[in-house]
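structure for the following, please:
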Amino acid sequence: MNQLNQQIASKADQFSQYFKTIVREGNKHEVYVLKDNAPDELVDLIHKAHGDFMPDDFRYETILDALYAFAGCDNADIDDVRLEADIYTHDLLQWLGSNLNRVGYCDQAQDEFGLEKADVLTLITYGQQMEKDEIVSLVREGLISLCT
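Next comes the predicted model:
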């Protein structure tokens, strides 16, 4: 593993320790949030990775998943880190329904991958994959920026 990958893995592991789970009162759903003592550089990275979705439970969880993936990338190229889309219909529909802007990812996937005749769940899967790829890329860029 090269020195930059080691620094990124170490920083990602460090950052992953600043998340905790809470239970939302209304729906008793467990979500990830930052601990109060999270460093400002992590807060900045999260803001950048959220884009226009601030705050968003899916983005928080995906950011944490990305940090875990980068922390464990060992000898892998950090450019190869990728998170897979959900496979269960319930999870995909929950993702789509959680923010109306997510329809845009599905539309973009349809255009980019030529999915004109695809079924709805395929479009949603590709849309979620596009969002996850975007988040991983933003986390990667943030970690590289902090380590160089």
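
next, count neighbours for residue 120.
Residues lying near residue 120 (other C-beta atoms under 10 Å) number 12. Any C-beta I mention is one placed from the backbone N, CA and C, and that applies to glycine too.

same question but for residue 6, I mixed them up
Neighbours around residue 6, by other C-beta under 10 Å: 13.

name the surrounding residues that touch the helix or strand containing it.
Secondary structure from DSSP states H and E places residue 6 in helix 3-16. Applying C-beta atoms under 8 Å, 6 or more residues apart in numbering, the contact partners of helix 3-16 are 1, 39, 42, 45, 64, 66-75, 77-78, 139, 143-144, 146-148.

in its sheet, what does the helix or strand following that helix sit against?
Using DSSP H and E, the helix or strand that directly follows helix 3-16 along the chain is strand 19-23. If you go by DSSP bridges, strand 19-23 pairs up with strand 30-34 (antiparallel).
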